[in-house]
Structures are given as C-alpha cells and as structure tokens.
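Peer 1: Show me the folded form of this:
(chains A and B)
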Amino acid sequence: MSSLLAQAWAIAAKDLLLEFRSRTAFLSALVFTALVLAIFNFARDPTAVSAVDLAPGILWITFTFAGMLGLNRAFGLERENHAMDGLLLSPASRTALYVGKTIANLAFVGAVEAIALPLFALFFDVPLWPVLGPLVLVIALATLGFVAVGTLMSSMAVNTRFAELMLPVLLLPFLVTPIIGAVQTTARILTHRPFVELVPWLKLLTAYDITFVVLCTLIFEFTLEE
Amino acid sequence: MAAASVSGAAAVLEVAGLTKRFGHVRALRGVDFALGLGESLAVFGPNGAGKTTLLRILAGLLKPDGGAVRFGGELLVRGNAAHRRRVGLISHHSLLYDGLTAAENLVFYGRLYSVAEPRAAAERALAGVGLAARASDLVGTFSRGMVQRLAIARALLHDPDVMLLDEPFSGLDQGAAATLRELLGRLRAERRTMVLVTHNIDEGLELATHVAIQVAGRFVSLGSRDGDLAAYRARYAEATARDV
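Peer 2: A predicted model of the protein is given here:
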C-alpha cells in the first residue's frame, strides 16, 4: 500500500512539475475561464434574468470545460518520447498510475477553480464570503467525481486520432449527474436556502463520487490494454 | 526447471512457441529461443518481420496470443512487478520527459522501481553514462546521442538482468553510435542477458553472442555468432531483398 502511494505520488509530482514548467494547460484554462465569465457577464440582460439565477450554470460550465483542458494533457504528455511505455514497463501498478494521474488532475482543476471563483464573484457580483464553506464543499464533491471519470476517459481518448475532440464526447454524458447536482446545490447555496434542501443533492454527489472513484480505479487497467 | 540456452547453459530467458496476431496480420508465428546468463541475441530482419512485437512481448508491454516467456524458469505474467524489475528496455524512443532534467527523469523512474535512495542511484547512473555534468539540464536541450545515453541510464537504474534493445542505434551519428557501442559492450561484459533487435547487421554481430534472422514472424535462422558470419549476411541480404 505504501509502495502504491509512493509510486502514485511520484507520478502526480512529475505531472505537476511538468505543468509548472510549461504552464501550457493552466494558462489556457485560466484564459478560457476569464473569457467565458466575461462573455456571459456582458452578453446577459440583467433586467431579464438575475445574476444569481444564471450564475450557478455558468460557473459549472466554466469549471467543466476549463478542467477538460487539463484532463486532455494528463495522458497527452505521456505520448512524448513514448513515455507511457516507460510507465507500463515499470513495476508501478496500473492503480498507482490512475491514482497519481487523478491526484495531479485534482490539483490542476482545483487550482483553476481557486482562481475562477473570485473572478466569478467579481463578474456576477455574488458575495461569496458568507457561503464560501458550503460552496467549497460542493465544488470539492463535484470536482472529485468529474476528475475521477475524466482521468479514465482521458486515458481512453489519448490513443484516438482526435483526442482533444474525443474527450468531451466520451466524458460529457457521464457528467450530466454531477453537473446537475452541483448546479442545483450551488443555486440553493447562493440564494441562502436552508441546508436541509441541499442534503439530497449532496447525497447524490457523494454517491456519484464513491461509485465512480471505485469503478474507475477498477477498470482503469483495461483501458491500457493494446 | 529452466531449459538450456542455445549454448547449453541454464536459460535466464526462455521463449517458446510465441505467437501474436494483429487482425489478419500474423506478427509472430511461433518464435522459440533460450538465452543463458551473459548471452546476447541479435535479431535481424526486414521491416514488418515482427521484431519489435517480439521485444514488446518480452518486455511485458504486449500480451502474446500463444506460447510462453520464462525468466529463470518462471512464466512471465503480465502485470507481475517482480518480472518487470528484471527487464530493462532501450528503444529508439527514449521514454524520457523533455521537460524534466536528466536527474529528475532518473529519480522519477527510480521511485517507480522503488530503487533505494533514488537520488544517489540517479547520480551513479548519470556518471556511468558520462552525463554527470548535465544532470541539471533539461532533456529537451540534449542531443540525440545524449538522450540515448540517458535512456541507457534509465534502463539500467534498477539493475535488470535482462536487457531488451530495440533499434538502439537508430538516428545516431557516428560519434554517438560509437559511445553507445562502448556502453553496450560494457553491459555485455557485466554478463547481462540481452536481446537486440536491429536492421544493422554489423552492429548486431559486434554485440551478440547469438544471431537470429526473423522473417514474416518466425526465426528462419538461429545460432551462435561463432558460426559462418558470411552465411548470416547472405541470408539477411536475401530476407531484406525479399522484403523490398
């Protein structure tokens, strides 16, 4: 177990170091995030739809597509010099590889979200401070499920001819549940609804996370078969 | 019980009846050989002969359709960490990350192989291939020859007893090829068991104790390098001409 975690951490640290050096995906995700939020902010008619009604959907659309930029890169960087063969040759288990990639993707998506959230508050004039705790909980729950499935799909998409196009096609159908859950919960948090109204959605997100983290960990090795 | 190698020594690596098919293409059609400690086999063959497929199966990267691979008498099981620790692969792809330094690449692989003190092991490996002075440089700034030396250091980091080499001289200039030959000669002197796949018959003959010619997925010739080299050259020329 300690060996698995050590190997997973080595893979995650390597991925994060490579991203830190190039910043390719991170900067792309940030620019994308700022543009989407700016476009939605200026495109909406504030007299027709209130910001708080529109904001949860926009927030999660932004998180989802910005996160995909990082997920695309997760296995894409293993194509360089056939590095994937190096990983598969090593005694590191496929589970360690999946866990390592998932940790790195969580860090990537989490960092994008951490910068996107203040931008979101700025553009949509949403006071985040009073609701920050519950909002972070929802973001963490939805992001875990999103990244768990996204990491698996990224490993499947990377060997296809149009990996960047394939990932959204493969991934988005699986994200319907967590995105609906996250949008519904975020809407209730931003409108200061009682906590009891959040509970069913939080249960849904938790069940999704448990199911897909376990499932993706178990089936990941089969995505690496030749 | 380990079988005997080509030379009669106890086999470190034993391959029996290996077959592999990709759709309608039969990449391997029953490959058999065995190598003892310190023996090295050079496999020559034209493009599409199945040489790389053979090597990828030996490395555990591909699953054969039939036949068996044994390391020291133990059946190769894909996913078995102990087997993967016994094998080092050098190919024309470096399997390295251009965005990491030479030392970072080796430390990373050292951690994957659970090498004790990976930093110290990386320093030793870099010194062994003459790259100690470039330890902190990004691999993306290296020449092809330096990358290949680093790839050798990566493959040897966990001290494997079986080395697999897939076209290791591919794309190297004369100087880099000479350095690589020297390094591979050192591996041979260390009595590592090696399987080398190459188009270049002269380089292969220089490094190997045994020679095989592979055509259309099977060995058409297998024997000691002490045999008639001219006959090997003639057969290889014939196989290549047929390919053309």
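
Peer 1: near chain A, which residues of chain B?
Peer 2: Chain B has residues B:59-63, B:79, B:81-82, B:84-85, B:87, B:89, B:91, B:93-100, B:104, B:108-109, B:111-114, B:154 near chain A, with proximity defined as C-beta under 8 Å from any C-beta of the partner chain. Heads up, the C-betas are built off the backbone N, CA and C, glycines and all.

Peer 1: I'd like to know which residues of chain A are adjacent to chain B.
Peer 2: A:3, A:6-7, A:10-11, A:14, A:17-18, A:21-22, A:77, A:80-83, A:85-94, A:221, A:225-226.

Peer 1: In ChimeraX, select just the buried ones from those residues.
Peer 2: Command for ChimeraX, covering only those of the residues of chain A next to chain B found buried under the criterion 16 or more other C-beta atoms under 10 Å in any protein chain shown:
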select /A:7,10,11,14,17,18,77,80,81,83,85,86,87,88,89,90,91,92,93,94
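
Peer 1: So for residue 183, what's the nearest residue that isn't a sequence neighbour?
Peer 2: In the absence of a named chain, chain A is used. Using C-beta to C-beta, 6 or more residues apart in numbering or on different chains and skipping the chain neighbours, the partner closest in space to A:Val183 is A:Pro56 (4.7 Å).

Peer 1: actually it's chain B I care about, not the one you picked
Peer 2: Closest to B:Leu183 by C-beta to C-beta, 6+ apart is B:Ile152, at 5.5 Å.

Peer 1: wait, doesn't the one you found sit right on B:Ile90?
Peer 2: Yes: applying C-beta atoms under 8 Å, one finds B:Ile152 in contact with B:Ile90, separated by 5.8 Å.

Peer 1: name the helices or strands packed onto whichever strand or helix holds B:Lys20?
Peer 2: Using DSSP states H and E, the element containing B:Lys20 is strand B:11-22. Other helices and strands packing on strand B:11-22, by 3 or more C-beta pairs under 8 Å, 6 or more residues apart in numbering or on different chains; DSSP states H and E, are strand B:25-36, helix B:51-59, strand B:66-71, strand B:193-198.

Peer 1: which stretches of chain A have low pLDDT?
Peer 2: A:1, A:226 (pLDDT under 70).

Peer 1: any chance you could map the helices in it?
Peer 2: Under the criterion DSSP state H, chain A contains helices at A:2-22, A:24-43, A:51-76, A:83-89, A:94-124, A:132-157, A:163-190, A:199-223.

Peer 1: circling back to that earlier point, partners of the strand holding B:Lys20, with directions?
Peer 2: Its sheet considered, strand B:11-22 pairs with strand B:25-36 (antiparallel), strand B:66-71 (antiparallel) by DSSP bridges.

Peer 1: List the buried residues of the longest one.
Peer 2: Going back to what we said before, that points to strand B:25-36. By neighbour count with 16+ other C-beta under 10 Å, strand B:25-36 contains the buried residues B:26-29, B:31, B:33-36.

Peer 1: Write a ChimeraX command that selects only the buried members of the residues of chain B next to chain A.
Peer 2: The ChimeraX command for the buried members of the residues of chain B next to chain A (criterion: 16+ other C-beta under 10 Å) is given here:
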select /B:59,60,61,62,84,85,87,89,91,93,94,95,96,97,98,99,100,104,108,109,111,112,113,114,154
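
Peer 1: Take the residues of chain B next to chain A and keep only those in helices.
Peer 2: B:59, B:81-82, B:84-85, B:104, B:108-109, B:111-112, B:154.

Peer 1: Show me the shaky parts of chain B.
Peer 2: Ranges of chain B meeting pLDDT under 70: B:1-9, B:78-79, B:227-229, B:239-240, B:242-244.

Peer 1: coming back round to it: which of the helices of chain A sits closest to B:Ala189?
Peer 2: helix A:83-89 (24.3 Å; C-beta to C-beta).

Peer 1: Could you list every helix and strand in contact with the closest one?
Peer 2: Looks like helix A:83-89 contacts strand B:87-91 (3+ C-beta pairs under 8 Å, 6+ apart).

Peer 1: orientation of the strand it packs on relative to strand B:193-198 in degrees?
Peer 2: Between strand B:87-91 and strand B:193-198, the angle comes out at 20 degrees (axes from the mean of the first three to the mean of the last three C-alpha atoms, to 10 degrees).

Peer 1: Give me the sheet partners of strand B:87-91 and which way each runs.
Peer 2: strand B:162-166 (parallel).

Peer 1: could you point out which element follows the partner strand?
Peer 2: Heading C-terminal from strand B:162-166 (DSSP H and E), you reach helix B:174-189.

Peer 1: Report all helices and strands that that next one contacts.
Peer 2: helix B:144-156, strand B:193-198, helix B:201-207.

Peer 1: then the longest one to PDB, C-alphas only?
Peer 2: Listed in PDB are the C-alpha atoms of helix B:144-156, where the atom choice follows Å, rounded to 0.1, in the frame of the first residue of the first chain:
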ATOM      1  CA  ARG B 144      20.100  12.600 -29.800                       C
ATOM      2  CA  GLY B 145      23.300  10.800 -28.600                       C
ATOM      3  CA  MET B 146      23.000  12.200 -25.100                       C
ATOM      4  CA  VAL B 147      19.300  11.300 -24.900                       C
ATOM      5  CA  GLN B 148      20.200   7.700 -25.900                       C
ATOM      6  CA  ARG B 149      22.900   7.600 -23.200                       C
ATOM      7  CA  LEU B 150      20.400   8.800 -20.700                       C
ATOM      8  CA  ALA B 151      17.900   6.200 -21.900                       C
ATOM      9  CA  ILE B 152      20.500   3.600 -21.200                       C
ATOM     10  CA  ALA B 153      21.000   5.000 -17.700                       C
ATOM     11  CA  ARG B 154      17.200   4.900 -17.200                       C
ATOM     12  CA  ALA B 155      17.000   1.300 -18.400                       C
ATOM     13  CA  LEU B 156      19.900   0.200 -16.000                       C
END
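
Peer 1: Please convert the helices and strands packed on helix B:174-189 to CSV, extending it with distance to A:Lys101.
Peer 2: Below are the helices and strands packed on helix B:174-189 laid out as CSV (distance: least, C-beta to C-beta, whole Å):
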stretch, distance to A:Lys101
helix B:144-156, 20
strand B:193-198, 31
helix B:201-207, 37
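
Peer 1: Would you mark the buried spots in stretch B:41-52?
Peer 2: Neighbour-count burial for stretch B:41-52 flags B:41-46, B:49-52 (criterion: 16+ other C-beta under 10 Å).

Peer 1: Report the two of those residues separated the most.
Peer 2: B:Leu41 and B:Pro46 (17.7 Å).

Peer 1: so B:Phe108 makes contact with A:Ala12?
Peer 2: No: contact criterion C-beta under 8 Å: B:Phe108 and A:Ala12 do not qualify, at 11.1 Å.

Peer 1: which of the helices and strands packed on helix B:174-189 is buried the deepest?
Peer 2: Mean neighbour count (mean count of other C-beta atoms under 10 Å in any protein chain shown) peaks for strand B:193-198 among the helices and strands packed on helix B:174-189, with a mean of 26.

Peer 1: What strands line up against it, and which way round?
Peer 2: strand B:40-44 (parallel), strand B:162-166 (parallel).

Peer 1: Alpha carbons of the last one, in CSV - could you do that?
Peer 2: Extracted C-alpha coordinates of strand B:162-166, given in CSV (Å, rounded to 0.1, in the frame of the first residue of the first chain):
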residue,chain,number,x,y,z
VAL,B,162,17.7,-9.0,-19.0
MET,B,163,18.2,-6.1,-21.4
LEU,B,164,16.0,-5.6,-24.4
LEU,B,165,17.3,-3.2,-27.1
ASP,B,166,15.0,-2.1,-30.0
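
Peer 1: No further questions, thank you.
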